[in-house]
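Enquirer: one predicted model, sequence on top.
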Amino acid sequence: MAAKALAIAVIACALSAPTAAEIAPDILGVKSLDEPGAHWFWAHDVAFFNMADGRTYLHDADTGEMLGMLSTGIFYTKFETPDDYSMIYSPETYYSRHTRGERTDVVSFYDTRTLEVVDEVVIPSKRHSGLVNIGFNALTDNDRFLVIYNFSPAQSVSVVDVESRKFVSEIATPGCALTYAAGDASFMMMCGNGGLMTVELDDAGNEASRDRSEAFFDTQKDPVMEKPVRSGDMWYFVSFEGKIHEVDISGAGPAFSAPWSLTGSDEAGWRPGGIQLLGLHSGRNELAVLMHEGGPDSHKDPGADVWVYDLGRRERVRTIRLDAPAVSINITKDEEPLLLASRGEPVIDIYDFRSGAHLRSIEGVGQTPLYIQLP
């Protein structure tokens, strides 16, 4: 009983002792970011379980540290940045009563050092809402015009001049969807016949010309997915059955070569799938593909492996076995590249892209980070 009484007395003294001197007060302020590291990445979170609160998170893959966050509105997709990473252009949607009321679509301009909003441009309230996709918006190669795909359900594209920070025009594009950069002031769209439409803009951002190509895939037998990757003048599309279609945009219009297969005769049942299922390292000339075993209509299933291909030889050079299935991947662009893989839940797995070794997992990354973008 005496020992118990002594213990209670010690605890009471500890709880009543002053602690103000032991805890340093927080100092509020604004910290500017450094130049982006080679292994920094943004994880775009559509916030699937509360889509009115979209966000994107900036992380360092080497340390796992979260460096910053942007609050990006309802059904968030992705942003664009110029080559010098001087600004972030983010198409966003808001309602006057948060989840209802008058809708306003804007392009928000964020400072890349402080992540503060420095300006915004109001655009037509018809920005396409869907699970994040590379084709929802694009920046032309001259870093001048931001093009945003609209679906209302009429199809069109909004054009914003990011230099003068103003909305320029809305271009009707019936029968063609999504946007992919394809030249100084040009972009491509996928059309219902299996071809591409190229739209060229004039110096003011208005439509100067458009041209539709012949079909480069069979829309009934083996359509391509709308999630390509780009290296220089080449876009790489993958079909549902695992065929790579190369689209060369170096000429006056897109040029197509014969497709080649990701799988061999002894690999039946393996096919590509996921949300951001392709990654590319231009320096190594290598293409990475999320692969899984599945049947028809499994094109959104997560991948158990990442198969890596030499694009010059068009053959697989290695397989990376993932610690956990992933829905999205990306590859850092440096000489010691990392493979970044999102599970579709608040975890980003980090692998050595060359050896395939699992290096670390970053937990607590938002809610549903479905798209990984590099600064």
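Expert: Here it is on my side, so go on.

Enquirer: run a quick neighbour tally on Ser108.
Expert: When counting by other C-beta atoms under 10 Å, one arrives at 20 neighbours for Ser108. The way it works is simple: take the backbone N, C-alpha and C, and place the C-beta from them, glycine included.

Enquirer: give me the sheet partners of the helix or strand it falls within and which way each runs.
Expert: Per DSSP states H and E, Ser108 falls inside strand 103-111. Paired strands of strand 103-111, with direction, are strand 87-95 (antiparallel), strand 117-123 (antiparallel) (DSSP bridges).

Enquirer: send me the first one as CSV with only the CA atoms.
Expert: As requested, the backbone C-alpha atoms of strand 87-95 are provided in CSV (Å, rounded to 0.1, in the frame of the first residue of the first chain):
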residue,chain,number,x,y,z
MET,A,87,4.9,28.1,-62.8
ILE,A,88,2.2,25.5,-62.3
TYR,A,89,-0.9,25.8,-64.5
SER,A,90,-3.7,23.8,-62.8
PRO,A,91,-7.2,23.4,-64.4
GLU,A,92,-9.7,23.3,-61.4
THR,A,93,-13.4,23.2,-60.7
TYR,A,94,-15.3,24.8,-57.8
TYR,A,95,-18.9,25.3,-56.7
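
Enquirer: which parts of that strand are buried?
Expert: Met87, Ile88, Tyr89, Ser90, Pro91, Glu92, Thr93, Tyr94 (16 or more other C-beta atoms under 10 Å).

Enquirer: same thing with stretch 291-309?
Expert: Going by neighbour count (16+ other C-beta under 10 Å), the buried part of stretch 291-309 is 291-292, 294, 299, 301-309.

Enquirer: just the ones in strands from those residues, please.
Expert: Under the assignment DSSP state E, the buried residues of stretch 291-309 contribute Met291, His292, Gly303, Ala304, Asp305, Val306, Trp307, Val308, Tyr309 to strands.

Enquirer: make CSV out of these and add distance to Pro375 and pLDDT.
Expert: Shown next, in CSV, are those (distance: C-beta to C-beta, whole Å; pLDDT from 0 to 100):
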residue, distance to Pro375, pLDDT
Met291, 28, 98
His292, 29, 98
Gly303, 25, 98
Ala304, 29, 97
Asp305, 27, 98
Val306, 22, 98
Trp307, 27, 98
Val308, 23, 98
Tyr309, 26, 98
